[in-house]
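Engineer: Everything below, folded, please.
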Amino acid sequence: MPIVNTKAIVFGTIKYGDTSLIVKCFTLEDGVKSYMVKGVLSSRKGKLKTAYFQPLTQLQMVANHNHKSTLNSIKEARVIHPYSSIHTSIVKQTIVLFLSEILSGIIQEEEKNPGLYTYIETALLWLDSHDEISNFHLVFLMNLSKFLGFYPDTSNIGKKGFNLAEGSFTDSEYENLTLYNVELTLFKRVLGINFDAINAISLNKNERQIILKTLIKYFELHLDGFRKPKSLDILETVFN
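Structural biologist: Purely as a prediction, here's the structure:
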């Protein structure tokens, strides 16, 4: 069984028995992996702490990666980017819960994807170190679509509509699954924006909700089996 030293981002946990966790991580070296962490909920003296496995915590770990088995084991772990504000801000915690649910649902591959890993890692560090973050999840999802292969084709951005199913702009009128008018204008506001330009987008709560619902629909159309996150309602409540 190969021992791997890798960075990892925690996607989520499931309680197993009374004292153990099954932890799902996105690793830099091997993509998505699940680990059995035995006794972590009962032992205060163990090397592995429950706090290591909060959603989207970033770890450096030494693990056994058994490519025949679905469950692997962690030998050592430490937090490499201790967050300074994510765990103390209700809004940031809610965003992290929402994004961890999205990422856990759509990233399944057991293969290396350093570009995607770096994107998530960098985005989380940005979220932790900034205060104006009400549009963060919108920009995160829009730019995430680049790594998943369906970022909007902006070559005809001047056309009057945007077809969500095709991922491109169109002049056709009244097409099904096409954005026009207000919805189109709002969608275009988060196109081409990176995190450092996030404050340039002025949105009220209703506009934010329209964009979020549009992005969720866009993901549903382009990802087989994509399910609307359960935490979506909580996110909308926090931003109201």
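Engineer: for stretch 160-167, which positions count as buried?
Structural biologist: Residues of stretch 160-167 classed as buried under the neighbour-count rule (16 or more other CB atoms under 10 Å) are 161-164, 167. The C-beta positions use only the backbone N, C-alpha and C, and glycine is treated the same way.
Engineer: Tell me the one of these nearest Gly225?
Structural biologist: Within those, distances to Gly225 taken as CB to CB reach their minimum at Leu164, with 17.6 Å.
Engineer: per-residue confidence for the closest residue to the closest one other than its chain neighbours?
Structural biologist: Distances taken as CB to CB, 6 or more residues apart in numbering put Leu177 closest to Leu164, at 4.7 Å, once the chain neighbours are dropped. Confidence at Leu177, expressed as pLDDT, is 92.
Engineer: What of Gly39?
Structural biologist: According to the predicted model, the pLDDT of Gly39 comes to 87.
Engineer: burial count for it?
Structural biologist: Counted with other CB atoms under 10 Å, the burial measure for Gly39 works out to 13 neighbours.
Engineer: Which pLDDT value goes with Lys68?
Structural biologist: Reading off the confidence values, Lys68 has pLDDT 75.
Engineer: Any regions of the protein where pLDDT drops low?
Structural biologist: Flagging of the chain using pLDDT under 70 yields the residue ranges 1, 43, 69.
Engineer: what sits against the residue of the chain most remote from its centre?
Structural biologist: Outermost residue of the chain with respect to the C-alpha centroid, by CA atoms, centre = their mean, is Glu173; its distance is 33.7 Å. Glu173 makes contacts with 160-161, as judged by CB atoms under 8 Å, 6 or more residues apart in numbering.
Engineer: Report all helices and strands that the longest strand seen in the chain contacts.
Structural biologist: Among the segments of the chain that qualify as a strand by DSSP state E, the longest is strand 3-16. If contacts are counted by 3 or more CB pairs under 8 Å, 6 or more residues apart in numbering; DSSP states H and E, strand 3-16 sits against strand 20-27, strand 31-37, strand 58-64, helix 90-106, helix 114-129.
Engineer: Give me the angle between that strand and helix 114-129.
Structural biologist: Using axes from the mean of the first three to the mean of the last three CA atoms, to 10 degrees, the direction of strand 3-16 lies 60 degrees away from that of helix 114-129.
Engineer: any idea how this structure splits into domains?
Structural biologist: Described in terms of automatic domain parsing, the domain architecture of the chain consists of the residue ranges 3-79, 90-238.
Engineer: measure the shortest one end to end?
Structural biologist: Terminal residues of domain 3-79 are spaced 19 Å apart (CA to CA, to the nearest Å).
Engineer: now do stretch 81-96
Structural biologist: As for stretch 81-96, its first-to-last residue distance stands at 15 Å under the measure CA to CA.
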